[in-house]
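K.L.:
Need coordinates for the below:
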Amino acid sequence: MSKPVSPKSVQPKCSQCRKNPVSAQYRPFCSKRCADVDLNKWLSEGYAIPGAPADVANEVPGQEMSEDD
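P.N.:
Numbering: from 1, shown residues only. So this is what the prediction gives:
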């Protein structure tokens, strides 16, 4: 059986490039460049949560809108 590794001896990898160890200054990234790449993905809507389109998600199943409303 293998020995457990101390958490202090394990250096986490950058969440963007997965290569370099994480820098305390840019955590969870290794550098400002990787942090900026991730920010750009957020700002350009590169990340998305899967689901129904917003106009369909707002409708309640079984409840129809009447023309009187």
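
K.L.:
Surely residue 13 and residue 21 touch.
P.N.:
Yes - in this structure residue 13 lies within contact range of residue 21 using CB atoms under 8 Å: 6.8 Å. Glycine gets a C-beta too; all of them are placed from N, C-alpha and C.

K.L.:
shared neighbours, those two?
P.N.:
residue 30 (CB atoms under 8 Å, 6 or more residues apart in numbering).

K.L.:
Looking at those two, which has the bigger crowd around it?
P.N.:
residue 13 (14 against 10; other CB atoms under 10 Å).

K.L.:
Against residue 44, how distant is that one?
P.N.:
Per CB to CB, to the nearest Å, residue 13 is found 24 Å from residue 44.

K.L.:
Repeat that for residue 28.
P.N.:
For residue 28 relative to residue 44 (CB to CB), the value is 20 Å.

K.L.:
who's in contact with residue 45?
P.N.:
Contacts of residue 45 by CB under 8 Å, 6+ apart: none found.

K.L.:
Could you say which helix or strand holds it?
P.N.:
Per DSSP states H and E: residue 45 is located in neither a helix nor a strand.

K.L.:
Check what pLDDT it gets.
P.N.:
Among the per-residue scores, residue 45 shows a pLDDT of 86.

K.L.:
Please apply the same query to residue 33.
P.N.:
93.

K.L.:
Is it located within a helix, as I assumed?
P.N.:
Yes - judged by DSSP: H, G, I helix; E, B strand; the rest coil, residue 33 forms part of a helix.
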